[in-house]
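Chemist: model this:
(2 chains)
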Amino acid sequence: MEKFIGKSVKRREDARFLKGAGKYTDDIKLPKMTQSAFVRSPYAHAKILSVDISEAEKAEGVVAVFTAQDGCGEYGVPCGWQVDFKNGETMREPQHPLLAKEKIRHLGEAVAIVIAESLELARDAAELVEVEYEELPAVTDPKKAMEEGAPLVHDQWPDNAAFDWCIGNDRADVEAALATAHHVTEVEYHNQRLAPNAMEPRSYIADYDVNADKWTLYTSTQNPHLIRLLLCAFALGIPEHKVRVVSYDVGGGFGSKIYHYTEEALLTWASKEIGRPIKWTSDRSEAFLTDAHGRDHVVHSRMGFDKDGKIVAHLTDEFCGLGAYLSTFAPAVPTYLHGTLFQGVYTTPLIHLNVTAPFTHTVAVDAYRGAGRPEATYLLERIISKGAQEMNMDPTEIRLKNFIPPFDGVEQPGYQTQVALQYDSGNYHGVLKRGLEMLGYEDFRKEQKEARENGRLLGVGFSTYIEGCGIAPSAVVGALGARAGLYEVGQVRVQPTGKVSVYTGAHSHGQGHETVFAQFVADKLGIPMDDVEIEHGDTEQVAFGMGTYGSRSLAVGGSAIVKSIEKILEKGAKIAAHKLEAAEGDLEYAEGKWTVKGTDKSVSFGDVSLTAYVPHDYPEGLEPGLDFSSFYDPTNFTYPFGTHIAVVEVDPDTGKVDLKRFVACDDVGNVMNPMIVDGQIQGGVAQGVGQALLEEVVYDEGGQMITGSYMDYAMPRADDLPMIETDRTVTPCPHNPLGVKGAGEAGAIGSTPAVVNAVVDALAHLGVTDLQMPLTPQRVWKAMQN
Amino acid sequence: MLSANTDVLWKMLNDPKVLEKVTPGIKTLEAQGEDSYKAISEVKIGPVKGEFKGDLALKDKVEGESCVVVLDQKSKMGNVVAEIGMTLVQKEENQTEVQYTGEAKMSGMLARMGQRIMSGVVSTLSKQFFQAMEKELQDSQ
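Modeler: Numbers count the residues shown, from 1 in each chain, chains lettered A, B, ... in the order given. Just a heads-up that it's a prediction; the model follows:
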């Protein structure tokens, strides 16, 4: 039987994607379906003086116009994570209304929805809604939001803080160690705000069936069950068993489609009001304004070293903007997904991070590919490289001096960090060694020296990152403020003919679950891949699920499926033993059949499956059927790691950065499909390079977004990137049955600091020690002139 | 530089009929009080084009010398609030230099799509304004 684990099996889903036959929400057309358009605020902060919908209601083709006065969703959409103040005060959690009632708190906040027979008519009528505003001063910068006298986002609280938080060792101990350190390196920067820019914009169709008294919500989400729970139990207060949430193909999420958005809830509410289906698809402008953004940390950090370059202490203060309302996972991102990674891959004995998280007059900030870990990695990898530069050390030498020694988590125990987590397994020397081989480090330094003599500016930058995936276990995240569990569900249904349907609560929005999951299911059952189908994205098919984010699908969702496969094989063995008239203990399962050890007597998986459903001659007391569901709650996060190396050349006349090479040696544990892992790393690297060189959401002083289109928001394109050179080492995860760690975010986490470090290295001889992202030619050129 | 003395220019700038004619994009200009007008205009700013409605007022007037034009215009693509200071400096007989400086605050789609090209738009619009003024001067002679 052909084996599939570890092979670059081509993606099954690509056949439909490449033919343009994917089924995205916006492709769905229902009978009697209406279209909708939102009236959105042109101000970041304003009082709503009046809303006049009379002209819009009279316009051609208009079915209904709703405002906050119509009583839609009195609860608003909820936040899924609670982080309280250090002094014990409860997190300040404002109501997040579906439509703004009295006050506007961010640019693009919706004031009214216009529902009409066509999109054009809805948009035309939306222009007829007259809203009178009184504009108020706004604050968009997280640090300025905490200054005395800053405009308040929510008037009921004395300042803009939603919470503050710290992690690590006692601050006084860290301060003391810094005071006596041989050398202290300091960085101050803004980890800039990013727009997620999934290729498919958000899209929803809410369909209330009057006769069945049931709703179906088609939504471009990463986690349909979670949306159903939040929608029913919090936003609208409707019975969960009356709602079906369907998420067929989704064109990228990167975190931005985890959250429960106001539009989803509002459409669901309005569909019952009008008794017809309603569609809304965001246009690109609305996406810039209303999709939850990423990053936005204002950072001040100091790292102390002894005379040999060993880190003695690390102290950081951050202001992390949350936006005007708390998005679903927003409080977790700058805290538990961020501070817990401050150990990095280093033996730093003293660490302290202090976070102040204010509201600002901007759209919400939440998880974006990496979610808190790219921000942690950027800081660690920048400051250690800057430390090396200041102490005249090689950036690889300083890392080697500080690396945690290799441990496999089996023979050697996991590594207990200063910031709560225990790493599962790691070999940080291994990935750096391989990365340096791939690069040809010594040769590069020679080439760089020669280039400098000829007036060319070459640089190399390193990032030896670690990240935490598959956040778990539920009891621990619950204690840390999560309002949901973080297990996953996997159901394996063997059909009477031995064909297998697998239902996973994980969700694919580009990752390739339909292929990868089928690979290991086929291998574990010893059947052809063609006999396995992976189903996901429909709450009426899949029992439950937590969805896909945090690189969790294979590590958590895959493990749940493995548990169900084990149950299938256990029950199958009982049936096989009965058929073979042998003791269960005498059987072995391989190549899709049970064989009596040492004989040629065997029964196939297909025969056993049929017997399970046609139980005429059947073990006494055993239930018919072969269908098991499992919930898998991991015992720990997984910790992938790697070495990313960027080689750049800076144009001495213009400051333009040319990324010449990018080497990524990652360790994501066992690999199911190398092609797909390569693709994930490449895509992630492209996003990380985008942050380093090109991307930034900019709000002006008044809260207007001045980068609200692709004219001003620069996305990475093919010609901004070299061929990304990938390789891997393999350090299996010791605590899940597949030994996998996750690869979805690694590229975006590791790459950004490597690129910035490389540009600083190229300009080091000119006295440049730091640069603010994105490294636009103007900024780089200016730094060269000083 | 316009071919008139400051007195003539001052009168023109205070005459709504002239302003309606020479200001680019203006469709109607209706007096609603002393130095205060209701204006409807159509302007194209880069990719954004639309009808603006709102107020136009003159303030801080120094007879024959200077004034500030205050614009508060609303449109479906966003709103503009602008203050344009104008100073007339007579260089020689029938040759007056008009110095102007301004600040505009935009919101909505205008701010997102229009900001980066605003300075170009402003210079085009001012050029059109002064060309029209000069033509008006020639025609009235």
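Chemist: so who does residue 111 touch?
Modeler: I'll assume chain A. Contacts for residue A:111 (Cβ atoms under 8 Å, 6 or more residues apart in numbering or on different chains) come out as A:38-41, A:48, A:51, A:67-68, A:99-100, A:104, A:129, A:131. Backbone N, C-alpha and C define where each C-beta goes, glycine included.
Chemist: meant chain B, my bad for not saying
Modeler: With Cβ under 8 Å, 6+ apart, residue B:111 has these contacts: A:42, A:700, A:704, A:705, A:706, A:708, B:78.
Chemist: swap in residue A:193?
Modeler: A:293, A:294, A:295, A:296, A:321, A:362, A:365, A:696, A:697, A:698, A:699 are the contacts of residue A:193 under Cβ under 8 Å, 6+ apart.
Chemist: what would those look like in TSV with secondary structure?
Modeler: What follows is the contacts of residue A:193, written out as TSV (DSSP: H, G, I helix; E, B strand; the rest coil):
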residue	secondary structure
A:293	strand
A:294	strand
A:295	strand
A:296	strand
A:321	coil
A:362	coil
A:365	strand
A:696	coil
A:697	coil
A:698	coil
A:699	strand
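Chemist: Buried ones among those?
Modeler: A:293, A:294, A:295, A:296, A:321, A:362, A:365, A:696, A:697, A:699 (16 or more other Cβ atoms under 10 Å in any protein chain shown).
Chemist: out of those residues, who's near chain B?
Modeler: With Cβ under 8 Å from any Cβ of the partner chain as the criterion, the buried ones among the contacts of residue A:193 include none near chain B.
Chemist: Residue numbers of chain A in contact with chain B?
Modeler: A:42-43, A:127, A:135, A:285, A:288, A:700, A:702, A:704-709, A:711-712.
Chemist: Please list the members of the residues you listed that lie in helices.
Modeler: A:285, A:288 (DSSP state H).
Chemist: Okay, helices next: where are they in the stretch 501-650 of chain A?
Modeler: Here the stretch 501-650 of chain A has its helices, by DSSP state H, counting those that start in this stretch, at A:513-525, A:559-580, A:605-613.
Chemist: Mind checking the pLDDT average for the first one?
Modeler: Same thing as helix A:513-525. For helix A:513-525, mean pLDDT rounds to 97.
Chemist: which residues does residue A:478 contact?
Modeler: Contacts of residue A:478 were listed using Cβ under 8 Å, 6+ apart, and they are residue A:485.
Chemist: just checking, it is part of a helix?
Modeler: Yes - per three-state DSSP, residue A:478 lies within a helix segment.
Chemist: that older thread, comparing the helices of the stretch 501-650 of chain A, which comes out most buried?
Modeler: Ranked by mean neighbour count, the helices of the stretch 501-650 of chain A are led by helix A:513-525 with a mean of 23 (mean count of other Cβ atoms under 10 Å in any protein chain shown).
Chemist: Around the closest residue to residue A:692 other than its chain neighbours, how many other residues sit close by?
Modeler: Nearest residue to residue A:692 in three dimensions, chain neighbours excluded: residue A:755, at 3.8 Å (Cβ to Cβ, 6 or more residues apart in numbering or on different chains). Residue A:755: 30 surrounding residues under other Cβ atoms under 10 Å in any protein chain shown.
Chemist: which residues does residue A:755 contact?
Modeler: A:461, A:646, A:648, A:657, A:659, A:688, A:689, A:692, A:693, A:775.
Chemist: Residue numbers of chain B in contact with chain A?
Modeler: B:76, B:78-79, B:105-109, B:111-113, B:115-116.
Chemist: Neighbour-wise, which one of these leads?
Modeler: Of the residues of chain B next to chain A, with other Cβ under 10 Å as the count, residue B:112 tops at 28 neighbours.
Chemist: what's around the closest residue to it other than its chain neighbours, how many residues?
Modeler: Spatial nearest neighbour of residue B:112, chain neighbours left out: residue A:708 (3.1 Å); criterion: Cβ to Cβ, 6+ apart. Neighbour count of residue A:708, defined by other Cβ under 10 Å: 27.
Chemist: Pull the contacting residues for residue A:708.
Modeler: A:285, A:288, A:289, B:109, B:111, B:112, B:113.
Chemist: would you turn those into JSON lines with pLDDT and distance to residue A:552?
Modeler: Below are the contacts of residue A:708 laid out as JSON lines (pLDDT from 0 to 100; distance: Cβ to Cβ, whole Å):
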{"residue": "A:285", "pLDDT": "93", "distance to residue A:552": "32"}
{"residue": "A:288", "pLDDT": "97", "distance to residue A:552": "28"}
{"residue": "A:289", "pLDDT": "96", "distance to residue A:552": "29"}
{"residue": "B:109", "pLDDT": "82", "distance to residue A:552": "38"}
{"residue": "B:111", "pLDDT": "82", "distance to residue A:552": "39"}
{"residue": "B:112", "pLDDT": "81", "distance to residue A:552": "35"}
{"residue": "B:113", "pLDDT": "76", "distance to residue A:552": "38"}
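Chemist: from these, which is closest to residue A:261?
Modeler: Nearest to residue A:261 out of those is residue A:289 (Cβ to Cβ; 12.2 Å).
Chemist: For the closest residue to the closest one other than its chain neighbours, what are phi and psi?
Modeler: Of all residues not flanking residue A:289 in the chain, residue A:108 sits nearest, at 3.1 Å (Cβ to Cβ, 6+ apart). The phi and psi values for residue A:108, taken as degrees, to the nearest 10, are phi 90, psi 0.
Chemist: so what pLDDT did residue A:108 get?
Modeler: Value for residue A:108, per-residue pLDDT: 96.
Chemist: Also the one 4 residues further on?
Modeler: Turning to residue A:112, the model gives it a pLDDT of 98.
Chemist: Equivalent analysis for residue B:48, please.
Modeler: pLDDT, residue B:48: 69.
Chemist: Quick one: the strands in chain B, in order.
Modeler: Using DSSP state E, the strands of chain B run over residues B:26-33, B:36-45, B:48-62, B:66-75, B:78-92, B:95-106.
Chemist: what are the pairing partners of the fourth one, and which direction each?
Modeler: Translated: strand B:66-75. strand B:48-62 (antiparallel), strand B:78-92 (antiparallel) (DSSP bridges).
Chemist: Noted, bye for now.
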